[in-house]
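Participant: could you work out the structure for the sequence below:
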Amino acid sequence: MQDRPRCDWANSDPMMQHYHDTEWGVPRRDSRMLWETLMLEGFQAGLSWAIILRKREGFRAAFAGFDPHKVADFGADDVERLMADPGIVRARAKIEATIRGAQIFNEMQARGEDFAQYCWSFTSGEPIKGDVRNAQSPLSIAISKDLKKRGFKFVGPTIVYAWMQAVGITNDHTPSCFCHS
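Facilitator: Coordinates of the predicted model:
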């Protein structure tokens, strides 16, 4: 797989190549996974994705497998536990935002809103062509505004655009990349 043409950012190390080749840009329709990725993108703010990817299993262990029903019940003791966990990025505001994000996810579900359907409702249901040179788009701005209106934190347009790329809502593989089509 080393000799395949791929997006330039993915050539930095084998972990990033594997992530690119098997996950990044693959359209995801699982609500829990879409929420997990959105929360991880929030933790990535100000850092590199490689840091989050290296700590992803630590995050999953610390946040109960990103089960929103369990995370929604986290309290002050859990926040302190997470603040002491070297396996994750220890940022109180991001930890608290993830707990609140789980509560919002559950509130949506209780109202009959499926998170995956919500995420894809901003498109025709199919991936849209993006522009990898951009850090945000009119669509990421619109989704960001809606997520913020619902109470989500760390969901600015740039974070949302990176999330859209990661979960395949937008296809930003470069034309020369073997994953482009």
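Participant: and for residue 9, the neighbour number?
Facilitator: Neighbour count for residue 9, taken as other C-beta atoms under 10 Å: 13. Placement of C-beta: from N, CA and C, glycine included.
Participant: what sits against it?
Facilitator: Counting by C-beta atoms under 8 Å, 6 or more residues apart in numbering, residue 9 makes contact with 16, 20.
Participant: which helices and strands does the worst-scoring helix or strand of the chain on mean pLDDT pack with?
Facilitator: Here the helix or strand of the chain ranked lowest by mean pLDDT, DSSP states H and E is strand 128-129, holding a mean of 84. On a contact count with 3 or more C-beta pairs under 8 Å, 6 or more residues apart in numbering; DSSP states H and E, strand 128-129 meets strand 170-171.
Participant: and for the strand it packs on, what's in contact with it?
Facilitator: Contact partners of strand 170-171, identified using C-beta under 8 Å, 6+ apart, comprise 25, 127, 128, 129, 130, 137, 139, 161, 164, 180.
Participant: least confident of these?
Facilitator: Lowest in pLDDT among the contacts of strand 170-171 is residue 130, which has 72.
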